[in-house]
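Asker: Pasting a predicted model and its sequence here:
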Amino acid sequence: MKQIVTGGQMKLLDSYTIEKMGIPSLVLMERAALSVCQALREEEFPLEKVLVLCGTGNNGADGVAVARMLHAAGVSVDICILGKKDHYTEEMRKQVDIAENYHISFVKNAVPVEYTTIVDAVFGVGLSREVGGVYRDTIEALNRSDAKVMAVDIPSGISADTGKVLGCAVKADVTVTFAYEKAGLLFYPGASYARKIKTADIGIYMPPQNDFELSIQSCEDKDLFRIPVRKPDGNKGTFGKIFLAAGSRDISGAAYLSACAALRTGAGMIKVHTRQENRQALTTMLPEAMYSFYDDEEIEKEQILEGLAWADVIGVGPGMGTGQQAEDILYTILAEGRKPLLIDADGLNLLAGRMEVLAQYPAPVIVTPHLGEFSRISGVSVEEWKEAPLYLTKRFAHKYHLTVVCKDSRTVISDGSEEIFINTSGNSGMATAGSGDVLSGILMGLLAQGLSAIDAASLGVYFHGAAGDMAAAQKGEYSMIAGDIITQTAEILKKRGAVL
Ligand SMILES: NC(=O)C1=CN([C@@H]2O[C@H](COP(=O)(O)OP(=O)(O)OC[C@H]3O[C@@H](n4cnc5c(N)ncnc54)[C@H](OP(=O)(O)O)[C@@H]3O)[C@@H](O)[C@H]2O)[C@@H](O)CC1
Ligand SMILES: Nc1ncnc2c1ncn2[C@@H]1O[C@H](COP(=O)(O)OP(=O)(O)O)[C@@H](O)[C@H]1O
Ligand SMILES: [K+]
């Protein structure tokens, strides 16, 4: 698990390290600048003629220190400072004094096309408003040049909290970020502007008892080893029984993908409750599942009650439609279910405006809305969510006591506690019909094997994206389809089994 921070949190950690731990600010800055110089070499930047573009804050001060180190190494380097002298921070003043002692060249109006490498040290985590005026003109000229661009801490113009472009932003080839990745480097479009991210240890101290309202985490490959070990003497019951209400008169694919993904993730048994019209297709495509069917007359409440009593995990929604029968099934489950419940897709659409009905549910509930569905059930527009994705996801999860999986290119997962997750696996090939159904199956499969709601959700989303990345490596982002993601889950789980 990787710790991620917001801009504000990073500033708190900087000050704590300086004021409480006693490490001088200039020492941190020297390590920051050294790490940038090292990355310039490692990434084979063309150092024939280097421009370091600086702002007046400490990001600019980092830049001036980088210029000094390059100059000392014999590189031809110019410094260009945007902004007025009277706005310099104390560190910036010191760095400029030192650079002047070294007789480094300062230029007033840099012409970016004249350089082979540009180091962007205009704004870091201190960016506080839209970028305009000379800053905007310079950043746009930088983006038009052919120079290779290294961003210091974060590409200037990107919000460290949301990844949004504030007016305009530097398009970097490599970003060296200090101590922890900033949330804005993970969310799009910030992730595209940062391109390759390298995280440098510069000696920042994280107090064990911090006052953060949010502790932001991101799963990594090694977290996949938290998927429960298979008991060698286990039987079908050991690995969990799932009751899934899914599919409708015209849709069988969603039920298939979800149920198949649950079984392929390792669940012991699944029973699908669906419309009569799906009998032939589903029993042919997935004979490993059990089924109960309903027709025009009634939803077969007895069978639902039986399924709920039998199951360890309940799922509702994929491809179910929003008609009266779907609503009756959902409300039967909400009234009679006693086990962990996952609600997806149409199950969520049916809940719009009535979320308080979930308050009485006696076991953990996971909801997996994409942003459109999230907007319907929360009343928060997609634009509003993009302004504060972490805060708004947490607030919603907390209000309704849910584990919320807000699906997007960077999915956010929260159970309302201070720990919140941003997922970084996956790719645009997963924007294909049915990949959300596969996710719901994976999450049910993990719940069935005993993971808690928040572990199943955070780990399952990462697992789904990792399988999607393997599918993209095989089939390409254009051609991969949802079923390919299921195929690749097997490859990941095979490796997990082999290591033990
Ligand atoms: N010792 C430390 O703390 C360490 C810090 N480190 C480094 O410092 C960085 C943070 O430094 P920071 O806090 O000084 O903020 P920074 O990102 O330079 O920007 C603030 C400046 O920009 C200005 N400004 C903002 N928005 C603007 C806009 N739209 N348009 C125009 N101007 C705008 C703002 O101006 P003002 O608002 O005051 O008018 C102010 O002058 C961090 O990312 C890391 O690189 C590391 O070396 C480790 C040790
Ligand atoms: N560009 C992307 N990068 C990473 N993951 C993506 C991207 N686009 C979609 N996904 C993932 O694919 C899934 C799509 O789910 P959803 O929108 O419910 O699709 P469907 O309704 O077709 O099943 C989500 O898990 C989402 O996070
Ligand atoms: K920067």
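Answerer: Structure received. Ligands and ions are numbered 1, 2, ... in the order given.

Asker: Now for the residue in the stretch 201-350 of the chain positioned nearest to ligand 1, how many residues are close by?
Answerer: Ligand 1 sits closest to residue 202 of the stretch 201-350 of the chain, with a gap of 6.0 Å, by C-beta to the nearest ligand atom. All C-beta atoms are positioned from the backbone trio N, CA, C, and that covers glycine. Residues contacting residue 202 under the criterion other C-beta atoms under 10 Å number 21.

Asker: And the pLDDT at the nearest residue to it once chain neighbours are set aside?
Answerer: Nearest in space to residue 202, with sequence neighbours left out and distances taken as C-beta to C-beta, 6 or more residues apart in numbering, is residue 31 at 4.0 Å. Residue 31 carries a pLDDT value of 98.

Asker: Could you give me the buried positions within the helix or strand in which residue 31 is found?
Answerer: Applying DSSP states H and E as the criterion places residue 31 in helix 25-42. By 16 or more other C-beta atoms under 10 Å, the buried positions in helix 25-42 come out as 25-26, 28-33, 35-37, 39-40.

Asker: I'd like these as TSV, with distance to ligand 1 appended.
Answerer: As requested, the buried residues of helix 25-42 are arranged in TSV below (distance: C-beta to the nearest ligand atom, whole Å):
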residue	distance to ligand 1
25	4
26	8
28	4
29	4
30	9
31	8
32	4
33	8
35	10
36	9
37	13
39	14
40	16
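
Asker: Redo these as a markdown table? Include distance to residue 413.
Answerer: Formatted as a markdown table, the buried residues of helix 25-42 follow (distance: C-beta to C-beta, whole Å):
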| residue | distance to residue 413 |
| --- | --- |
| 25 | 35 |
| 26 | 39 |
| 28 | 32 |
| 29 | 35 |
| 30 | 38 |
| 31 | 33 |
| 32 | 31 |
| 33 | 36 |
| 35 | 31 |
| 36 | 33 |
| 37 | 37 |
| 39 | 31 |
| 40 | 36 |
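
Asker: between those, which is closest to residue 256?
Answerer: For the buried residues of helix 25-42, the residue nearest residue 256 by C-beta to C-beta is residue 39; the value is 47.0 Å.

Asker: For the nearest residue to the closest one once chain neighbours are set aside, give its distance to ligand 3.
Answerer: In this structure, residue 39 finds its nearest non-sequential neighbour in residue 176, 4.7 Å apart by C-beta to C-beta, 6+ apart. Distance, residue 176 to ligand 3, by C-beta to the ion, to the nearest Å: 10 Å.

Asker: and residue 176, helix, strand or coil?
Answerer: Of the three states, residue 176 takes strand according to DSSP: H, G, I helix; E, B strand; the rest coil.

Asker: Residue 273 too?
Answerer: In the three-state summary, residue 273 is assigned as strand, counting by three-state DSSP.

Asker: That one: neighbour count?
Answerer: The burial metric for residue 273, expressed as a neighbour count using other C-beta under 10 Å, is 27.

Asker: quick one, what contacts it?
Answerer: Taking C-beta atoms under 8 Å, 6 or more residues apart in numbering as the criterion, residue 273 is in contact with 243-246, 291-294, 300, 303-304, 307, 329.

Asker: Could I get the pLDDT score of it?
Answerer: What the model reports as pLDDT for residue 273 is 97.

Asker: bridging residues for it?
Answerer: Following DSSP bridges, residue 273 is listed with bridge partners residue 245, residue 292.

Asker: From ligand 2, how far off is it?
Answerer: Taking C-beta to the nearest ligand atom, to the nearest Å as the measure, residue 273 and ligand 2 are separated by 19 Å.

Asker: do the same with residue 11
Answerer: For residue 11, the distance to ligand 2 equals 30 Å [C-beta to the nearest ligand atom].

Asker: Not counting its own residues, what contacts the host helix or strand of that residue?
Answerer: Using DSSP H and E, residue 11 falls within helix 7-15. For helix 7-15, the surrounding residues in contact (C-beta under 8 Å, 6+ apart) are 5, 25, 28, 125-127, 159-161, 178-180, 182, 184, 204-206, 210-212.

Asker: List the buried residues for that helix?
Answerer: 7, 9, 10, 11, 12, 13, 14.

Asker: What residues does the residue nearest to residue 202 make contact with?
Answerer: For residue 31, the contacting residues are 200, 201, 202, 203, taking C-beta under 8 Å, 6+ apart as the criterion.

Asker: and the residues you listed, which of them are in helices?
Answerer: Counting by DSSP state H, the contacts of residue 31 place none of their members in helices.

Asker: Name the member of the residues you listed that has the highest neighbour count.
Answerer: Greatest neighbour count in these, by other C-beta under 10 Å, goes to residue 202: 21 neighbours.

Asker: mind listing what residue 143 touches?
Answerer: For residue 143, the contact set (C-beta under 8 Å, 6+ apart) comprises 168, 170, 171.

Asker: and those as TSV, adding distance to residue 98?
Answerer: Rendered in TSV, the data for the contacts of residue 143 read as follows (distance: C-beta to C-beta, whole Å):
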residue	distance to residue 98
168	31
170	25
171	30
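
Asker: any chance of these in JSON lines, with secondary structure, neighbour count and pLDDT too?
Answerer: Output for the contacts of residue 143, formatted as JSON lines (DSSP: H, G, I helix; E, B strand; the rest coil; neighbours: other C-beta atoms under 10 Å; pLDDT from 0 to 100):
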{"residue": "168", "secondary structure": "coil", "neighbour count": "19", "pLDDT": "98"}
{"residue": "170", "secondary structure": "coil", "neighbour count": "29", "pLDDT": "98"}
{"residue": "171", "secondary structure": "coil", "neighbour count": "19", "pLDDT": "98"}
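
Asker: Out of those, which is nearest to residue 68?
Answerer: So of those, ranked by how close each gets to residue 68 (C-beta to C-beta), first place is residue 170, at 21.3 Å.

Asker: so, in contact with ligand 2 or not, stretch 403-421?
Answerer: Yes: Stretch 403-421 reaches ligand 2 (C-beta under 6 Å from any ligand atom) through 407, 408, 409, 411.

Asker: Farthest-apart pair in these, please.
Answerer: Going by C-beta to C-beta, the pair spanning the residues of stretch 403-421 next to ligand 2 furthest: 407 and 409, at 9.1 Å.

Asker: Of those two, give the one with the bigger neighbour count.
Answerer: Between residue 407 and residue 409, residue 407 has the larger neighbour count (other C-beta under 10 Å), namely 25 against 17.

Asker: what's near enough to touch that one?
Answerer: With contacts defined as C-beta under 8 Å, 6+ apart, residue 407 is in contact with 368, 369, 370, 371, 436, 439.

Asker: now residue 491
Answerer: The contact partners of residue 491, by C-beta under 8 Å, 6+ apart, come to 467, 470.

Asker: now whichever strand or helix holds it, how far from the chain's geometric center?
Answerer: Secondary-structure element containing residue 491, defined by DSSP H and E: helix 482-499. Averaging C-alpha positions (C-alpha atoms, centre = their mean, to the nearest Å) puts helix 482-499 21 Å from its chain's average.
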